[in-house]
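Chemist: Need coordinates for the below:
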Amino acid sequence: MINDFSILVVEQGDIIESILADFLREKTRATVFHAKEPTGALEIINKNKKIELLITDLFLPDKSGLELIRQAVGQNPNIVPITLIPPGNRSLIVESLQAGAHFYAGIPYDYQEILEVIKICLEYQRLLQLNLSRKISLRNSDGFSGIIGESEPMKAMFRTIESVTFHRHGNVLLQGESGTGKELVAKALHNLTPERSQYNFVPVNCAAIPEDLLESELFGYEKGAFTGANRSKIGRLQHADKGTLFLDEIGDMMPGLQAKLLRVLQEQIFEPIGSLKPIKIDIRVIAATNRNLEQLVREGKFREDLFYRLNVVPIILPPLRERKDDIPHLIDKFLLMYNRGRQDGILSITPAAIQNLKAYDWPGNVRELQNLIQRLCILHNEPTVDIEALPEKFKNLGPSRKDSPIESEKNNTAPLDFNSMTTDFENRLILHALEKSAWNKKEAAKMLNMKRTTLLEKIKKRNLIPKN
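Modeler: Have a look, this model is predicted:
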């Protein structure tokens with residue numbers, strides 16, 4: 001018996017009800033609608049937006065089945081059409097597929113064949129809905145499933161994440177500096193994989209748990225397995241069954257435990273400590289590290305075979321200094337987060353202050369930026385944050401005020417020349433941006449909020465060259 005769904009059968013004839021519709025009501029749990037001509041069928045589709053399948057004859061009064069398919073898909077893009085094809089008409093198969101049909105069944109009816117086609121269509125419909133819900137969840141989420149980023153490195157990472165979530169198998173190795181958001185990416189991979197998301201996401205920090213306890217945390221143990229084991233305990237491997245196990249700081253795992261983890265990845269089987277009974281599991285492992293695992297392999301500190309088992313899909317998280325265009329978006333997110341519920345919260349950070357923040361290298365990455373915004377939300381009493389309100393290390397990163405033409409001319413008795421002072425100030429600003437961007441003219445133009453062609457013209461016309 002096929003599970004609940006809605007279907008529309010369009011079949012002409014002299015009898016009031018369709019034999020095919022009656023058969024489907026008897027053999028499935030479907031809500032079956034019936035129409036004898038396309039006009040009535042389109043009215044039913046318009047009133048019942050949740051109809052999943054359309055089974056239609058091709059030869060109908062007032063318009064053909066092919067035209068019905070085109071209009072039906074136009075009214076409801078999620079409907080899956082099935083055509084009924086007379087024997088020996090291969091050209092009709094091609095025409096119906098071109099019109100928008102996804103599947104077909106033969107006439108006279110082979111009812112078992114029709115049931116099989118319906119099963120295939122329902123599976124296809126399920127995949128369509130999963131894909132649609134995934135796109136909706138991404139559109140409605142805070143950024144990409146909670147991850148903020150519009151820079152090219154982040155867009156490339158998002159594309160990789162989307163590709164991974166179409167498959168329930170395949171371990172993932174996340175590499176990146178501390179504070180880049182590896183656990184956020186791991187949760188996104190879990191939540192966006194339909195077959196895994198309904199089960200547990202189980203995080204384990206391999207560096208935070210002592211080695212002798214980490215094994216029992218992962219594998220669990222039987223009562224009496226060791227001194228103090230007064231009861232049996234389920235390990236995190238078993239708790240993550242059908243879901244995702246996230247092993248953070250995998251580079252700190254000791255060699256003995258690496259060998260045991262390798263067997264789990266190879267066979268998806270393990271035994272709790274003190275037990276001889278193997279337990280079968282089905283998990284995806286996402287591992288993360290801020291260390292160079294390939295270097296650890298060369299040094300003999302990490303098993304090469306385990307590295308390749310974990311590194312099926314490598315994802316490298318870019319540091320914040322390589323995606324500074326995302327800093328304003330991250331600031332907006334953190335301001336909303338820490339001002340929630342506050343009447344006197346900070347409303348904005350000035351463009352000048354943001355420029356200074358973008359000039360900083362952020363060794364602590366996103367976590368350091370988040371810490372700064374939280375501190376400002378707690379300590380700053382004004383609605384706007386300017387450069388003066390930033391901690392000292394951020395204040396002198398933008399174009400220096402003491403180096404401005406006005407400051408340098410304060411004690412100069414020569415007549416002021418507006419044009420030359422303006423040009424000199426522009427030159428200094430351009431050189432400052434070029435130095436900050438390592439003479440990457442595209443990046444410098446972004447910093448200056450200037451077209452790249454305009455910048456190139458000014459550099460050439462004014463013969464601007466590096467100081468060194």
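
Chemist: contacts, neighbours, all on C-alpha from now
Modeler: Fine.

Chemist: The helix or strand harbouring residue 183: which residues count as buried?
Modeler: According to DSSP states H and E, residue 183 maps onto helix 182-191. Residues 182-183, 185-191 are the ones in helix 182-191 that count as buried (16 or more other C-alpha atoms under 10 Å).

Chemist: For the following helix or strand past that helix, name the packing helices and strands.
Modeler: Later in the chain than helix 182-191, the nearest helix or strand by DSSP H and E is helix 194-197. On a contact count with 3 or more C-alpha pairs under 8 Å, 6 or more residues apart in numbering; DSSP states H and E, helix 194-197 meets helix 182-191.

Chemist: could you say what helices and strands the helix it packs on packs with?
Modeler: helix 152-164, helix 194-197, strand 244-248.

Chemist: how big is the angle separating the first one from helix 182-191?
Modeler: With axes from the mean of the first three to the mean of the last three C-alpha atoms, to 10 degrees as the basis, helix 152-164 and helix 182-191 are set at 30 degrees to each other.

Chemist: Can I get helix 152-164 as CSV, trimmed to CA atoms?
Modeler: Taking Å, rounded to 0.1, in the frame of the first residue of the first chain, the C-alpha atoms of helix 152-164 are listed here in CSV:
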residue,chain,number,x,y,z
GLU,A,152,34.1,34.8,-3.1
PRO,A,153,35.9,32.4,-0.7
MET,A,154,32.8,32.0,1.3
LYS,A,155,30.6,31.5,-1.7
ALA,A,156,33.0,28.8,-2.9
MET,A,157,32.7,27.1,0.5
PHE,A,158,28.9,27.3,0.4
ARG,A,159,28.8,25.6,-3.0
THR,A,160,30.9,22.7,-1.6
ILE,A,161,28.6,22.4,1.5
GLU,A,162,25.6,22.2,-0.8
SER,A,163,27.2,19.4,-2.9
VAL,A,164,28.0,17.4,0.2
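
Chemist: now the helix or strand just after it: mean pLDDT?
Modeler: Next in sequence after helix 152-164, counting helices and strands by DSSP H and E, comes strand 172-175. Strand 172-175 carries an average pLDDT of 95.

Chemist: Then stretch 74-88?
Modeler: Confidence for stretch 74-88, expressed as mean pLDDT, is 83.

Chemist: re earlier: adding mean pLDDT, write the helices and strands packed on helix 182-191 out as JSON lines.
Modeler: What follows is the helices and strands packed on helix 182-191, written out as JSON lines (pLDDT from 0 to 100):
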{"stretch": "helix 152-164", "mean pLDDT": "89"}
{"stretch": "helix 194-197", "mean pLDDT": "88"}
{"stretch": "strand 244-248", "mean pLDDT": "96"}
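
Chemist: Go through those and pick out the most buried.
Modeler: For those, the largest average neighbour count (mean count of other C-alpha atoms under 10 Å) is found in strand 244-248, namely a mean of 26.

Chemist: Fine by me, thanks again.
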